[in-house]
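A.B. asks: what's the 3D shape of this:
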Amino acid sequence: MKLFITLFTATFLLLLNGCGGDNAPKGEKNTPGNSAALFFDTLYNEQDLNKASTMATPRMARIMKSYGTSKQFARNLVNMQYDNVVIEVDMTNMSLREQYGDTANINLIFTGQFNGNKVDDMRSVKMVRKKGNWYVDKINADPFAR
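C.D. replies: A predicted model of the protein is given here:
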């Protein structure tokens, strides 16, 4: 009977361990594209300005915190609003050299919902590597915005 309970407990713990955690970005952990996607996922889906500011350079973090909330920052500086969003890295212009240099320009594709309407958009961010980690340094201006 002890063997049965031990096997049942081990199986249950194994199944429980496999649940959850599917919302994390997939791919290489320390690439400029994944770091940029994680920054915007924290900003839009988790709505945690403090956590997102740890993924930015000190200059960008000061600017972010001056807005007070993630929604204010996203609405005013990024100029995009979402109720929920899926963020993908645009791989069409990707170069492996970016991963070996200290700066990279990353294009991100945003697909989400806002007030019941589907919203698609694209943004470019400048990433900087410091001490082996990638940080958002600048959100580039949208060339097609009015």
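
A.B. asks: Show me what the helix or strand harbouring Ala61 is packed up against.
C.D. replies: Assessed by DSSP states H and E, Ala61 sits inside helix 58-66. For helix 58-66, the elements it packs on are helix 49-53, strand 133-139, judged by 3 or more Cβ pairs under 8 Å, 6 or more residues apart in numbering; DSSP states H and E. Bear in mind the C-beta positions are built from the backbone N, C-alpha and C, glycine included.

A.B. asks: chain center to the longest one, what's the gap?
C.D. replies: Centroid separation for strand 133-139 versus its chain: 11 Å, with Cα atoms, centre = their mean, to the nearest Å.

A.B. asks: Please identify the buried residues of that strand?
C.D. replies: Trp134, Tyr135, Val136, Asp137, Lys138, Ile139 (16 or more other Cβ atoms under 10 Å).

A.B. asks: ok, of those, which one's closest to Thr69?
C.D. replies: Ile139 (16.8 Å; Cβ to Cβ).

A.B. asks: what about the spatially closest residue to Arg129 that is not a sequence neighbour, how many neighbours?
C.D. replies: Using Cβ to Cβ, 6 or more residues apart in numbering and skipping the chain neighbours, the partner closest in space to Arg129 is Asp102 (4.7 Å). Counted with other Cβ atoms under 10 Å, residues neighbouring Asp102 total 10.
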